[in-house]
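Sequence below, structure please.
(2 chains)
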Amino acid sequence: MIDIRLLRNEPATVRAALARRGNPELLVQADAVLDLDAHSRDIVAHRDSLRAEVNEVSKQVGALLKAGDVEAAEKLQDISRSLGDDQRRLAAEYDELQASIRDLLLRLPNLPHPDAPDGAGEADNPVVKGPVNMPAEFGTHQRVPHWESATALGILDNERATKISGAMFTMQRGLGAMLSRALCQYALDQMADAFEEIRPPSLVTTATLTATGQLPKFADDAYSIERDDLWCIPTAEVPLTSIYAGEVLDEVQLPIRMTAYSPCYRREAGSAGRDTRGMLRAHEFDKVEILAVASPEQGPALLNEFVGRAEALIAGLELPYRIIEICTGDMGQSHHRSFDIEVYAPGCDSWLEVSSVSWFSDYQARRADIRYRVAGEKGTRIANTLNGSALAVPRVWAAIIENHRQPDGSIAIPAVLRPYLRGTVSIPSR
RNA sequence: GGAACGGUGGCAGAGCGGACAAAUGCAUCCGCCUUGAAAGCGGAAGGCUCACAAGGCCCGGGGGUUCGAAUCCCUCCCGUUCCGCCA
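Numbering: from 1, shown residues only, chains lettered A, B, ... in the order given. Got it, this is the predicted structure:
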């Protein structure tokens, strides 16, 4: 949620920043918020002065009753009653306005960082690094889509996954299943030097899913369990961000760094038929996430560090990759600045997004009400949040199968993963 | 799921219809004292809105009763204990 005070005090700045996202509708919404806000401020001033009168008169009533002057007290009670009625009417109006403002504000996206590149959409995302590890050419044995090779090796069984759960569910078997788990453990171990490992709940409340920005606007993308008013998390970012919701931290605690493995659930409502083969897009997948609650000043350095960490994981797996920056027209609702890491998959002949690292400025923290106190300073400040996928399992899994496929059809296991696969060096051909 | 009891400031804990933003203790901060510290003494200090004004709001959330609610009523949530069920 953007700061309504910023919108109020510097409407031109906010409008200019929103305009960079390329959706004129956003400016209309921002203006609507400004109108409602001005109106609501008039009303609340009036309401408060009525309340002040009621408070004053009530005090006098108390004093008169104590003094035994019942008649005078009753007169004042009549006055107070009618002031109270007026006050209640204004209060109701104010509450309605506030609800409308909040609803609009929750749907308004974050302001892009000044350094984020301008652009209209995906095609305008600049490559900021790479390709790295890209061979001059790929062998024909690498040009096989993983859903064919992995199925033949008996490590992927999507046909039965579909029987069990329907379309867009996947199932790995044997060394394939172990490879998924190995990737998680590899990522967690690589983050262990600087991040506290968390095992968060996978089902969360509506308030929790609202804090990170998925609700109210993107309700269709999430699985809901209506009977219990719970939602399946689309990423560990959701529970991790809300760990400190409603709390006031000390500046010295920042940044708080956390990492978590979690299953992720996505309805993929708008993406039917796109990249749905094999492991490219599924309703349920595993991911290791990294997250920080920080001060605004710590944001840029952490963003850099997070990108570096995600990159190091991919580089360690000996995969060809590149880093792109997300332009203003392609940026997610909550994002302030974002980078993606893409891995090249020769079998699919495409770049797969395997990691997304973002700085949210105070957009999520304001929704979640995560604040911090600066020593010697009165009041509190809203924190910043950052997060990134350390490693999203399925696409990395697919990239390993395709890139590391040998001429005999076996799959070479990258050295860093072998300890997690009980020493397995390769997945043998059949 | 059932029953009982609870939810008050950083923590503990009083208040249970009127002068309560809320006693007290601990913790915190600032003085004094001290070579320095502790102890002792004196003082300061909650959050939100907002212009660090005035005013308003905040005693788990929401609603109600009342001239007036931390205090009474309803409802929901959470916690503790007991019972039931259960990996």
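
ok, which residues in the stretch 201-350 of chain A are in contact with RNA strand B?
Contact residues (CB under 7 Å from any atom of the strand) of the stretch 201-350 of chain A with RNA strand B: A:V248. No exception for glycine: its C-beta is placed from N, CA and C like everyone else's.

which residues of the stretch 201-350 of chain A score low on pLDDT?
Residue ranges of the stretch 201-350 of chain A with pLDDT under 70: A:270-275.

Find the residue closest to the one residue in it that gets nearest to RNA strand B in space, skipping its chain neighbours.
Residue of the stretch 201-350 of chain A nearest RNA strand B, by CB to the nearest atom of the strand: A:V248 (6.8 Å). Distances taken as CB to CB, 6 or more residues apart in numbering place A:R371 nearest to A:V248, at 4.8 Å, with adjacent residues excluded.

That neighbour bridge partners, please.
Going by DSSP bridges, A:R371 is paired in beta bridges with A:V248, A:I382.

for the helix or strand hosting A:M258, packing partners?
Using DSSP states H and E, the element containing A:M258 is strand A:256-265. In this structure, strand A:256-265 packs against helix A:175-191, strand A:196-198, helix A:237-241, strand A:284-294, with contacts taken as 3 or more CB pairs under 8 Å, 6 or more residues apart in numbering; DSSP states H and E.

again, only this time at 6 Å
strand A:196-198, strand A:284-294 (3 or more CB pairs under 6 Å, 6 or more residues apart in numbering; DSSP states H and E).

and the next element down the chain from the last one?
The reference is to strand A:284-294. Past strand A:284-294, the next helix or strand by DSSP H and E is helix A:299-316.

Quick check: mean pLDDT of the longest helix seen in chain A?
As assigned by DSSP state H, the longest helix anywhere in chain A is helix A:25-67. The pLDDT scores in helix A:25-67 average 91.

Tell me the gap between that helix and the middle of its chain.
Here helix A:25-67 is found 36 Å from its chain centre; the criterion is CA atoms, centre = their mean, to the nearest Å.

got it, and stretch A:69-80?
The answer for stretch A:69-80 is 57 Å, by CA atoms, centre = their mean.

Now it: buried residues?
A:73, A:76-77, A:80 (16 or more other CB atoms under 10 Å).

go on, stretch A:116-126?
Using 16+ other CB under 10 Å as the burial criterion, the residues of stretch A:116-126 that qualify are A:116-117, A:119, A:125.

same deal with stretch A:96-116?
A:97, A:101, A:105, A:108-113, A:116.

follow-up on the earlier one: ok, the strand holding A:M258: who's next to it in the sheet?
Under the criterion DSSP bridges, strand A:256-265 sits next to strand A:196-198 (parallel), strand A:284-294 (antiparallel) in its sheet.

Could you single out the nearest of the buried residues of stretch A:96-116 to RNA strand B?
A:I101 (11.3 Å).

now the host helix or strand of the closest one and helix A:25-67, what's the angle there?
Here A:I101, judged by DSSP H and E, is contained in helix A:70-107. Interaxial angle of helix A:70-107 relative to helix A:25-67 (axes from the mean of the first three to the mean of the last three CA atoms, to 10 degrees): 160 degrees.

Quick one: distance of helix A:70-107 to the chain centre.
Chain-centre distance of helix A:70-107: 38 Å, with CA atoms, centre = their mean.

Spell out whether that helix and RNA strand B are in contact.
Yes - Helix A:70-107 reaches RNA strand B (CB under 7 Å from any atom of the strand) through A:77, A:80-81, A:84, A:95.

follow-up on the earlier one: just to check, the residue nearest to A:V248 is in contact with A:E377?
No - under the criterion of CB atoms under 6 Å, A:R371 makes no contact with A:E377, lying 12.0 Å away.

the more surrounded of the two?
Shown here are A:R371 and A:E377; by other CB atoms under 10 Å, A:R371 has more neighbours (18 against 9).

Local confidence estimate at the more buried one?
87.

for it, what are its contacts?
Neighbouring residues of A:R371 by CB atoms under 6 Å, 6 or more residues apart in numbering: A:248, A:380, A:382.

change it to 8 Å
When contacts are counted by CB atoms under 8 Å, 6 or more residues apart in numbering, A:R371 is found next to A:247-249, A:365, A:380-383.

Now do the same contact list for the nearest residue to A:E53 once chain neighbours are set aside.
Excluding the flanking residues, the one nearest A:E53 by CB to CB, 6+ apart is A:L83, at 5.4 Å. A:L83 makes contact with A:50, A:53-54, A:57, according to CB under 8 Å, 6+ apart.

Of those, which is the nearest to A:T276?
A:T276 has its nearest neighbour among the contacts of A:L83 in A:L50, at 59.7 Å by CB to CB.

where exactly do the helices run in the stretch 301-430 of chain A?
Counting by DSSP state H, counting those that start in this stretch, the stretch 301-430 of chain A has these helices, from start to end: A:363-368, A:393-403.

where's the longest one relative to the chain centroid, distance-wise?
Read that as helix A:393-403. For helix A:393-403 - counting by CA atoms, centre = their mean - the centre lies 24 Å from the chain centre.

now what about stretch A:241-250, what contacts it?
For stretch A:241-250, the external contacting residues (CB under 8 Å, 6+ apart) are A:198, A:200, A:204, A:207-208, A:211-212, A:256, A:258, A:291, A:293, A:364, A:368-373, A:375, A:380, A:383, A:385, A:387.

out of those residues, which are buried?
A:198, A:200, A:204, A:208, A:211-212, A:256, A:258, A:291, A:293, A:364, A:368-373, A:383, A:385, A:387.

Check what pLDDT the residue nearest to A:E53 gets.
Predicted confidence (pLDDT) for A:L83: 90.

From A:A72, how far off is it?
17 Å (CB to CB, to the nearest Å).
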